[in-house]
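Visitor: A predicted structure for the sequence below; I have some questions about it.
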Number of protein chains: 2
Amino acid sequence: MSVLIVGTTALDSIKTPTRENPRLLGGSASHAAVAASFFGPVQLVGGVGEDFPPKYLALYRKHGIDLAGLQLLPGKTFHWSGEYEINMNHRRTLATELGVIETFQPKLPAAYTTAPFVLLGNIAPALQHSVLDQLRRPKFVVADSMDLWINIALADLRRLLKRVDGFVLNDSEAQLLTGEDNVFVALKKIHKLGPAYVIIKQGSHGSILSGPKGHFLCPAYPLPAVADPTGAGDSFVGGLMGYLAAAKGSVAANIRRAMVYGSVTASFCCQGFGVAATTKAKRADIEKRVKELAKLTQF
Amino acid sequence: MSVLIVGTTALDSIKTPTRENPRLLGGSASHAAVAASFFGPVQLVGGVGEDFPPKYLALYRKHGIDLAGLQLLPGKTFHWSGEYEINMNHRRTLATELGVIETFQPKLPAAYTTAPFVLLGNIAPALQHSVLDQLRRPKFVVADSMDLWINIALADLRRLLKRVDGFVLNDSEAQLLTGEDNVFVALKKIHKLGPAYVIIKQGSHGSILSGPKGHFLCPAYPLPAVADPTGAGDSFVGGLMGYLAAAKGSVAANIRRAMVYGSVTASFCCQGFGVAATTKAKRADIEKRVKELAKLTQF
């Protein structure tokens, strides 16, 4: 089955202690769609401006990503520039130029409205609602978000949490949302806001799932070097949803392995700037790392 | 087989955001010995002063800990007082009164000199050397340490690393020792200093083993509340060495499970002040959590 992914389709200019990379393909939907494409068909919903490089459209197509839901809008593509500190764990935003994303309204092609698996990638909660409004009985909907929306659109976000099956956020966002420092207490509080599945991402420490079948502690794939962690969280949830959509059986039965596949896909993301390393990976490379993770955690 | 444990035997006064607890049983050797005692016989090497409460000697004995190597010295017991921040991840030392530990010299009773498993718990590297000097061909020696010794006794510590089979430290200490922020690069650098087994502790994120058979990612047991993390690292390595000493088969075959047992023992330590919660745990409680951890990480 295919997975529908909405989110930002952006250009990222990323500075790290060792390199500068201007106008890379970025945005939550781009990272998630490339990650999901390893497992099955992907329908992309987003908006780009007139400056969006054709080579990035070609890159989406190379991954078999359906672009019928990608709007080409008058104006400039959303552009984010940021800088990572030496240990790659903290980033600061240098500039955010919203461009076309300021007025973007998702419009689902008719063929998208029956999508069974839906990833509401990180974008304004109002737009995530708009996508949900256009869908007919999706089977499994997961939302991602970020601190910005918790700070400026909390009411929208809380309403959204009552409409989704799963919610993914990182540990600092979980703390911001719940006021709880302990991740297991925060998980309980987030369930009370709506979602049956809650996943808290912890970067190089892996991620934690809380769902109807209890908890799962998902490892991160060990990396001796991180080139650029931008988009790792989007790759994680994109890989997770791509795997779930492609797998036979219930979500409950598959979600642990889906998280491991998401985790491994994210590990490739971290090894290059933008989507550079993710696009170079092959499905066989992903399978190899999943097997390695199984060995690394066995006792 | 029995495990010999050297380290500090101390009194800890611990402030947390919610409680104050004066003069608890503390010290690296106390926490490690109580943890190791779940699995088999423990020989304790340390020194306490005239003010050491008899109830703590009784507590050691209740755990079957052999006290022939515990010296009762003129003066006061080593006393540490510290304060934890609200999230329990950062602590600061309020006062350190060395007392008898300043002049303490470990003296091994004859029966201890043939100990097969040896834990050189956190104490001055010179004293860890002294214990090694008194031992006859131990089978497996693991050292623990702390930032203080990396800062003020680095030459002694580096000499020690050439004499031990395993070394345990936390992630910030690994960074201090190697100058490497990436934990997998730090592990490689520490192997070059001597030990065949290196374990990096990451608190609530678990721990990582690097050994002749590759890496193992060891989970931490999920805790919805932490009362006092003091001694958790000592409990971890104490449980690990206690399990290894008691298990049949080679260290290489048992060390992953030993880490999981150490991790679970440390989880009990975190749930009470000092050794309060560890001493209340039963072997069956430990087995239950080990089984839970297996389920929590399966995919």
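Guide: Everything's here; your move.

Visitor: got phi/psi on the closest residue to chain B within the stretch 101-250 of chain A?
Guide: For the stretch 101-250 of chain A, the nearest residue to chain B under the criterion C-beta to the nearest C-beta is A:His205, separated by 4.1 Å. Glycine gets a C-beta too; all of them are placed from N, C-alpha and C. With angles defined as degrees, to the nearest 10, A:His205 sits at phi -90, psi 0.

Visitor: now swap in A:Pro138 and tell me
Guide: Listed backbone geometry of A:Pro138 is phi -70, psi 150, with angles given as degrees, to the nearest 10.

Visitor: quick one: contacts for it?
Guide: When contacts are counted by C-beta atoms under 8 Å, 6 or more residues apart in numbering or on different chains, A:Pro138 is found next to A:Leu4, A:Ala115, A:Pro116, A:Phe117, A:Val118, A:Leu132.

Visitor: quick one: it from A:Asp51, how far?
Guide: Between A:Pro138 and A:Asp51 the computed distance is 33 Å (C-beta to C-beta, to the nearest Å).

Visitor: thinking again about what came up before, name the nearest residue to the residue of the stretch 101-250 of chain A closest to chain B, sequence neighbours excluded.
Guide: The shortest distance from A:His205 to any residue that is not its chain neighbour, by C-beta to C-beta, 6 or more residues apart in numbering or on different chains, is 4.1 Å, and that residue is B:His205.

Visitor: quick revisit: any figure for the gap between the residue of the stretch 101-250 of chain A closest to chain B and A:Asp171?
Guide: When distance is defined by C-beta to C-beta, A:His205 is 9 Å away from A:Asp171.

Visitor: in three-state terms, label the spatially most central residue of chain A for me.
Guide: Residue closest to the mean C-alpha point of chain A, counted by C-alpha atoms, centre = their mean, is A:Asp234 at 2.3 Å. Per DSSP: H, G, I helix; E, B strand; the rest coil, the secondary structure class of A:Asp234 is helix.

Visitor: right, and it touches A:Asn122 too?
Guide: Yes - counting by C-beta atoms under 8 Å, A:Asp234 touches A:Asn122, with 6.8 Å between them.

Visitor: before we move on, back to that, closest to A:Pro219 among the contacts of A:Pro138?
Guide: Of all the contacts of A:Pro138, the one with the least separation from A:Pro219 (C-beta to C-beta) is A:Phe117, at 24.0 Å.

Visitor: one step back: overlap of the contact sets of A:Asp234 and A:Asn122?
Guide: When C-beta under 8 Å, 6+ apart defines a contact, the residues bordering A:Asp234 and A:Asn122 alike are A:Gly7, A:Ser28, A:Asp144.

Visitor: show me what contacts the closest residue to the first one other than its chain neighbours?
Guide: By the measure of C-beta to C-beta, 6+ apart, the closest residue to A:Gly7 outside its immediate chain neighbours is A:Gly121, 2.6 Å from it. A:Gly121 makes contacts with A:Ile5, A:Val6, A:Gly7, A:Thr8, A:Ser28, A:Ala29, A:Ala32, A:Asp144, A:Asp234, A:Val237, A:Gly238, as judged by C-beta under 8 Å, 6+ apart.

Visitor: just the buried residues of the residues you listed.
Guide: A residue is treated as buried here by neighbour count (16 or more other C-beta atoms under 10 Å in any protein chain shown); on that basis the buried members of those are A:Ile5, A:Val6, A:Gly7, A:Thr8, A:Ser28, A:Ala29, A:Ala32, A:Asp144, A:Asp234, A:Val237, A:Gly238.

Visitor: tell me which parts of the stretch 151-299 of chain A are close to chain B?
Guide: Proximity of the stretch 151-299 of chain A to chain B (C-beta under 8 Å from any C-beta of the partner chain) is limited to residues A:181-185, A:202, A:204-206, A:208, A:214-219, A:222-226, A:256-257, A:259-260, A:294-299.

Visitor: redo that, cut-off 7 Å
Guide: Along the stretch 151-299 of chain A, the residues adjacent to chain B under the rule C-beta under 7 Å from any C-beta of the partner chain are A:181-182, A:184-185, A:202, A:205, A:215-217, A:219, A:222, A:224-225, A:256-257, A:260, A:296-297, A:299.

Visitor: can you select the buried ones among the residues you listed for me in PyMOL?
Guide: Listed next is the PyMOL selection for buried residues among those, using 16+ other C-beta under 10 Å:
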select buried, chain A and resi 181+182+184+185+202+205+215+216+217+219+222+256+257+260+296+297+299
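
Visitor: tell me the strands beside the lowest-mean-pLDDT helix or strand in chain A, with direction?
Guide: Using mean pLDDT, DSSP states H and E, the weakest-scoring helix or strand in chain A turns out to be strand A:91-97, at a mean of 90. Sheet partners assigned to strand A:91-97 using DSSP bridges are listed as strand A:79-84 (antiparallel).

Visitor: out of the contacts of A:Gly121, which is nearest to B:Ala247?
Guide: Nearest to B:Ala247, judged by C-beta to C-beta, of the contacts of A:Gly121 is A:Val237 at 40.3 Å.

Visitor: how about the strands in chain A?
Guide: For chain A, applying DSSP state E gives strands covering A:3-6, A:10-15, A:20-26, A:42-48, A:65-72, A:79-84, A:91-97, A:117-120, A:140-144, A:166-170, A:197-201, A:207-211, A:214-218.

Visitor: what about chain A, any weak spots by pLDDT?
Guide: Per-residue confidence of chain A (counting by pLDDT under 70) places the weak regions at A:87-89.

Visitor: longest helix in it, by number of residues?
Guide: With secondary structure taken from DSSP state H, chain A has its longest helix at helix A:251-270.

Visitor: what comes into contact with that one?
Guide: Contacts of helix A:251-270 with the rest of the structure, by C-beta atoms under 7 Å, 6 or more residues apart in numbering or on different chains, involve A:31, A:35, A:38, A:140, A:197, A:206-207, A:209, A:211-213, A:216, A:218-221, A:223, A:226-229, A:231-232, A:235-240, A:243-244, A:247, A:277-278, A:281, A:286, A:289-290, A:293, B:299.

Visitor: go again using 6 Å as the cut-off
Guide: When contacts are defined by C-beta atoms under 6 Å, 6 or more residues apart in numbering or on different chains, helix A:251-270 is touched by residues A:35, A:140, A:209, A:213, A:216, A:218, A:220-221, A:223, A:226, A:229, A:231-232, A:235-236, A:239-240, A:243-244, A:247, A:277-278, A:281, A:286, A:289-290, A:293, B:299.

Visitor: next one: that helix to chain centre, how far?
Guide: Taking C-alpha atoms, centre = their mean, to the nearest Å, one finds the center of helix A:251-270 at 12 Å from the center of the full chain.

Visitor: and it, what's buried?
Guide: For helix A:251-270, the buried set under the neighbour-count rule, 16+ other C-beta under 10 Å, comprises A:251, A:254-270.

Visitor: with only the CA atoms kept, save that helix in PDB.
Guide: The C-alpha trace of helix A:251-270 is given here as PDB (Å, rounded to 0.1, in the frame of the first residue of the first chain):
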ATOM      1  CA  VAL A 251       0.300  -2.200  12.600                       C
ATOM      2  CA  ALA A 252       0.500  -3.600  16.100                       C
ATOM      3  CA  ALA A 253       2.400  -6.600  14.700                       C
ATOM      4  CA  ASN A 254       4.800  -4.600  12.500                       C
ATOM      5  CA  ILE A 255       5.500  -1.400  14.300                       C
ATOM      6  CA  ARG A 256       8.600  -2.500  16.200                       C
ATOM      7  CA  ARG A 257      10.300  -3.600  13.100                       C
ATOM      8  CA  ALA A 258       9.000  -0.500  11.400                       C
ATOM      9  CA  MET A 259      10.800   1.600  14.000                       C
ATOM     10  CA  VAL A 260      14.100  -0.300  13.500                       C
ATOM     11  CA  TYR A 261      13.800   0.300   9.700                       C
ATOM     12  CA  GLY A 262      13.100   4.000  10.400                       C
ATOM     13  CA  SER A 263      16.100   4.200  12.700                       C
ATOM     14  CA  VAL A 264      18.400   2.600  10.100                       C
ATOM     15  CA  THR A 265      17.100   4.900   7.300                       C
ATOM     16  CA  ALA A 266      17.800   7.900   9.600                       C
ATOM     17  CA  SER A 267      21.300   6.600  10.100                       C
ATOM     18  CA  PHE A 268      22.000   7.000   6.400                       C
ATOM     19  CA  CYS A 269      20.500  10.500   6.500                       C
ATOM     20  CA  CYS A 270      23.100  11.500   9.100                       C
END
